[in-house]
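>>> Just a sequence and a predicted model for now, questions to come.
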Amino acid sequence: MSDGGRRGSREASFSVAMHNRTRSARAAIRGRLDTAYEGQRPDPPEESYLRPTDQPVPLSDLERFLERLREHQVGYHLVAGAEELAELMANQIYAKRGRKALLDNRGVMLQCRLLGGLRQRLLDVIVEAVGAGLAADQADFGITPCEGLIAETGTIVLAADDRPTLQVSLLPGRHFVVAREAQLVVDLATWMATHPGNGRHHILLSGPSRTADIEKQVVIGVHGPWKVSLFILRDGWEQR
Amino acid sequence: MQASIFIPCLIDRFLPEIGRSTVRLLEALGVTVSYDPRQTCCGQPAFNAGHPEEAVHLARRMLQIFDGEHPVVSPSGSCVAMVRTMYGLLDLPEEDLRRWNKLRANLFELSEFLVRDDLIGGLVARRQGRAVIHHSCHHLRHTGGRIPLLSVLEKVAGIEIIESPEAQACCGFGGIFSAKLPELSKAIGTARLDAMLAHDPDYIVLADAGCILHLRGLLSGRPGNAKPPVIHYAQLLADPDLGAGGTP
Amino acid sequence: MSGLRDTVQTKLADAGLQEALGRALASSNAKLETALSELDDVPALKDAAAEIRRHAVGRMWQLLETFEARLRDAGTTVLWARDATDVRRYIAEICSVHKVSKTVLSKTMVGEELGLEQSIKDAGSSVIQSDVGERIIQLAQQSPSHIILPCIHLRAADVGKILHERGRMPYSEDPAELSRGLGKSLRQHFLGAHMGVSGANFLVAETGNIVCVENEGNIRMGYSVPPVHVVVTGVEKILPTLADARLLLALLPRLATGQRATCYTSILGPAPLPGQSRYVILVDNGRSDLFGAGPCRDLLHCIRCGACLNVCPVYQRVGGHAYGWTYPGPIGTAMASMLAPDEAVESLSLCTLCGACSEVCPVRIPLDRLILLGRATARARRKASEVRQERRALRWFRRAMSGRVRYRMSDWGHRLGLAWWGGRVAAMQEKLGWRGERAAPEPAPQLFRTWWSGRRKRGDLK
Ligand code: SF4
């Protein structure tokens, strides 16, 4: 109900003239577009679009995914367990002289106690979860979980429900993503079939921010992170 | 086999050697060729300039002349495309629509006709040197002429065929475009020509009359003497005036 | 000499433009080839994409109603706009309700079409274009010359000069330095903005999603940071389901930039983010005219990939500004002939009818044929004297072609003309550019038909 209340209050301040305007525009547009259409709805093909034989020896989904990541200039690490993950990530933050790291502390991040693991190893670095006061634009590392990995296009699926969380993967210069190997699916169709939209915001991430607006020359790192690294927890990581 | 040929106005007047080569080629393959001298123009110039009502007259004339039972073959992909596709956008009376539906199924671009039922099967022609291909746009895109053209050229022994990726780029002719924006037309054509001449070819092989006139014009406007002939592929197979070789 | 012919000559003589276009488009088209070669069956995929768009556009209204309901139920305000005036009013109202004085605007062609930047300014807000290319265009006070590469007409050195003079950045010719420098200076604008405005690539009826495709991250900034987010988009972007969007997403980035997927594809849910107000403005602005315009309805299937511009032999030479309308290139010319016939009168000539555009188009819009149709309808708006002259020539031509005897006579006439009025013919050829560097064809010594009948008489027919 809180949703409705908020909307109500805003609409109250939206003037009557505007309501009338949109209503009459709607009617006008409807009058011109609302015609019967007889055509059959086409069924989009469900299978992958990619040439299945693009490699002489067929690659496994994971190999293919990793190859795509390399092509998209996304770094990756295969890690066996939570300890190794925290160790590796801490080393990287340390090596890059990170000062502030912001965590979207959900799901797998909680399961492997990453926040504690990093704090323990990085005494002179501020490591915070979203909402604890560290603003995303102050952080030099943003660390998030993900919702899926797509082999066909080398894509990482991110999800978020609010602005502070969205900003973790956007404002810091480096973005670390934590994934489980089991999250890998062959293509977007498969991922969508297993993840009903449920109204969330999703981002399909296929590389660091880039532009080619000047002379079509690719430049990495414009508005979003210039470095994206994926940490993949291998199957069986819970036991380690 | 019998076939009726459609030799468009441009070829009849400016490039009759294409028509002659077409006849020779077809006859060498055992086709009995007939030619109706009433034929003139399919109406493309008027239609492309945005005057469909002028084009209608010529289209109707075309449909009445080619109302026979034999397949109709033409060495111009552009005119074939006009009849096959663009006539559909014209305001044709009922009886001509019926004729159009018949002709549409019965009209073939030369290379298309040659590879159909492998008519060209055992033919061997002979030439020497290097031939650079330029795919004429309408032949390429409207009559799907790339593969037929390559299969036809395969029959020419002793020649090296060069098909670079830009072979499918427009030469800048464009019919009325060439006269409305001549500087642009020439700039596009010159660039294509430069790219082709860089291969040091003995022949520049095209598939349509308009592009041939355009590129020939540009080539002859250039200084220098040693210029490769700009020809239709039918000539490469069957034009005796092109020097030694051709269909045996 | 016509105005267009002058414009074209200026463009051809502009060495900087030729260099910039040549470099950028060669790279675009090479990448396109590679990206498509990876797909299993491109023709089948394009067929499917075309079908999906045809279907979605055909029942656009029903889908839009569903989409609107999804968003409304989730708390997003949906506004309908007939034209730029409606949009202007809404923007003014939103700015005043939310006290907006700083806006970041992501590149949107619909926005260009509506003069959105100006509307926001008039509503009392500053406005910063946040896409790198579009920001350069804004600083240069120009208009974009390509639908996805706004400053394709500029070389790095030109950009360097503009950013140095107007953007207070140190001069450079390095695209990396320039782009990153702009990114840095834009960061503060994102952080301080009250409102982010963006377009959309697809609207999904079933689930109420808004799909935005980008590489830089400026669209993400626009909805992730400011408290107000406005989406301004054309009604034709509607699709039935997310699965349809998925199929189009296999083609759009490949055709647009040669990527198998763009860096960021945002799939926004129907609800605004907590603490944020979201408005979605659904714009008609001529689209319903196309809807009712017979074969021209196909133009609504366009997913704005820009590939038809990149492969166009004319666009490659003259760039987007020569067309004189918001949308350049084949898709622009075809749309303009319906939506802005006055502007299109001239630009319809900027086409050789080569058909490369229709061939590359992921949703199989027969662009060359629609341009041809446009030429016929545009006639009514051309200079009467010019049309009359053209018509007279064509009528003469038609008559000459309408009979065996007439045909012969016209041929003799042609030859006699060349012999007797050589000077006049030369002047005519000069005017039409068939002289000098492009020699005019000579009538052959013997017509094909003469050869044929001679051969027949000699009896060497089989
Ligand atoms: S018309 Fe086709 S090729 Fe051109 S921008 Fe639209 S979708 Fe792309």
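Here it is on my side, so go on.
>>> Okay, strands next: where are they in the stretch 101-250 of chain C?
Along the stretch 101-250 of chain C, the segments classed as strands by DSSP state E, counting those that start in this stretch run C:102-105, C:126-129, C:195-198, C:202-204, C:209-214, C:228-234, C:238-239.
>>> Is chain C within reach of stretch A:218-233?
Yes: for stretch A:218-233, a contact with chain C is found by Cβ under 8 Å from any Cβ of the partner chain, at A:219, A:221, A:222, A:223, A:224. For glycine as for every other residue, the C-beta is placed from the backbone atoms N, C-alpha and C.
>>> Which members of those residues define the maximum pairwise distance?
A:219 and A:224 (12.4 Å; Cβ to Cβ).
>>> Can you lay out the residues of stretch A:218-233 next to chain C as CSV showing neighbour count, distance to the ligand and pLDDT?
Output for the residues of stretch A:218-233 next to chain C, formatted as CSV (neighbours: other Cβ atoms under 10 Å in any protein chain shown; distance: Cβ to the nearest ligand atom, whole Å; pLDDT from 0 to 100):
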residue, neighbour count, distance to the ligand, pLDDT
A:219, 23, 24, 96
A:221, 20, 28, 93
A:222, 27, 24, 93
A:223, 29, 25, 95
A:224, 29, 26, 94
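>>> Going by neighbour count, which residues in the worst-scoring helix or strand of chain B on mean pLDDT are buried?
Counting by mean pLDDT, DSSP states H and E, chain B has its least confident helix or strand at helix B:44-48, which shows a mean of 91. Neighbour counts over helix B:44-48 (16 or more other Cβ atoms under 10 Å in any protein chain shown) mark B:44, B:45, B:46, B:47, B:48 as buried.
>>> For the second one, give me its contacts.
With contacts defined as Cβ atoms under 8 Å, 6 or more residues apart in numbering or on different chains, residue B:45 is in contact with B:175, B:176, C:394, C:397.
>>> Tell me if I'm right that the last one and residue B:46 touch.
Yes: under the criterion of Cβ atoms under 8 Å, residue C:397 makes contact with residue B:46 at 7.1 Å.
>>> ranges for the strands of chain A?
A:75-79, A:100-103, A:126-129, A:141-145, A:148-150, A:155-160, A:174-180, A:184-185, A:201-205, A:210-211, A:219-220, A:227-233 (DSSP state E).
>>> Repeat that for chain B.
B:2-5, B:32-35, B:72-74, B:107-109, B:125-133, B:156-162, B:203-206, B:230-232.
>>> Just the residues contacting stretch C:86-96, thanks.
So stretch C:86-96 is in contact with A:14-15, A:17-18, A:21-22, A:25, C:79-81, C:100-101, C:103, C:114, C:116, C:119-120, C:122-125, C:195, C:228, C:230, C:232, C:279, C:281, C:283, going by Cβ under 8 Å, 6+ apart.
>>> How about stretch C:61-81, which residues are buried there?
Neighbour counts over stretch C:61-81 (16+ other Cβ under 10 Å) mark C:61-64, C:66-68, C:70-71, C:74-81 as buried.
>>> could you give me the average pLDDT of stretch A:112-125?
The pLDDT scores in stretch A:112-125 average 96.
>>> quick one: buried residues of it?
A:112, A:113, A:114, A:115, A:117, A:118, A:119, A:121, A:122, A:125.
>>> Among these, which ones lie close to the ligand?
Near the ligand, judged by Cβ under 6 Å from any ligand atom, there are no entries from the buried residues of stretch A:112-125.
>>> Same list (the residues you listed) but as a markdown table, adding distance to residue B:112.
Supplementary listing: the buried residues of stretch A:112-125 in a markdown table, determined by distance: Cβ to Cβ, whole Å:
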| residue | distance to residue B:112 |
| --- | --- |
| A:112 | 65 |
| A:113 | 70 |
| A:114 | 65 |
| A:115 | 69 |
| A:117 | 69 |
| A:118 | 68 |
| A:119 | 73 |
| A:121 | 71 |
| A:122 | 71 |
| A:125 | 71 |
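>>> In helices only, show me these.
The helices, defined by DSSP state H, take in A:114, A:115, A:117, A:118, A:119, A:121 from the buried residues of stretch A:112-125.
>>> Help me confirm that the last one comes into contact with residue A:87.
Okay, so that is residue A:121. Yes: using Cβ under 8 Å, residue A:121 is in contact with residue A:87, at 6.9 Å.
>>> pull the longest helix from chain B.
Of all segments of type helix in chain B, defined using DSSP H, the longest is helix B:182-197.
>>> Which secondary structure element is home to residue C:431?
Under the criterion of DSSP states H and E, residue C:431 resides in helix C:422-432.
>>> Any buried residues in that helix, and which?
For helix C:422-432, a neighbour-count test (16+ other Cβ under 10 Å) marks C:425, C:429, C:432 as buried.
>>> just the helices in chain B please.
Using DSSP H, helices in chain B cover B:9-14, B:16-28, B:44-48, B:52-65, B:77-84, B:94-106, B:110-115, B:137-141, B:146-153, B:177-180, B:182-197, B:209-220, B:233-238.
>>> Would you mind telling me which of those helices is nearest residue C:177?
With Cβ to Cβ, the closest approach to residue C:177 among these belongs to helix B:182-197: 32.0 Å.
>>> Give me the contact list for that closest one.
Contacts for helix B:182-197 (Cβ under 8 Å, 6+ apart): B:132, B:134, B:164, B:166, B:169-174, B:177-178, B:204, B:214-215, B:218-219, B:228, C:5, C:8-9, C:12, C:313-314, C:317-318, C:352, C:432-434, C:437-438.
>>> Let's see that with 6 Å instead.
B:132, B:166, B:171-172, B:177-178, B:204, B:214, B:218, C:8-9, C:12, C:313, C:433, C:438 (Cβ atoms under 6 Å, 6 or more residues apart in numbering or on different chains).
>>> Kindly report the same for stretch C:391-401.
The contact list for stretch C:391-401, computed with Cβ under 6 Å, 6+ apart, reads B:40, B:41, B:46, B:51, B:54, B:57, B:58, C:406, C:410.
>>> ok, of these, which come out buried?
Listed as buried from the contacts of stretch C:391-401 are B:40, B:41, B:46, B:51, B:54, B:57, B:58, C:410; burial here means 16+ other Cβ under 10 Å.
>>> Show me which pair in these is furthest apart.
B:51 and C:410 (18.1 Å).
>>> Pick the one among the buried residues of stretch A:112-125 closest to residue A:149.
Nearest to residue A:149 among the buried residues of stretch A:112-125, counting by Cβ to Cβ, is residue A:112 at 17.0 Å.
>>> Tell me if stretch B:161-174 is near chain C.
Yes: judged by Cβ under 6 Å from any Cβ of the partner chain, stretch B:161-174 and chain C are in contact via B:170, B:174.
>>> for the record, mean pLDDT for stretch A:135-145?
97.
>>> Just the buried positions in that stretch, please.
Across stretch A:135-145, burial judged by 16+ other Cβ under 10 Å covers A:136, A:139, A:140, A:141, A:142, A:143, A:144, A:145.
>>> which two from these end up farthest apart in space?
Greatest spatial distance in the buried residues of stretch A:135-145: A:140 and A:145, 19.3 Å, computed using Cβ to Cβ.
>>> pLDDT below threshold where in chain A?
Residue ranges of chain A with pLDDT under 70: A:1-13, A:44-58, A:197-198.
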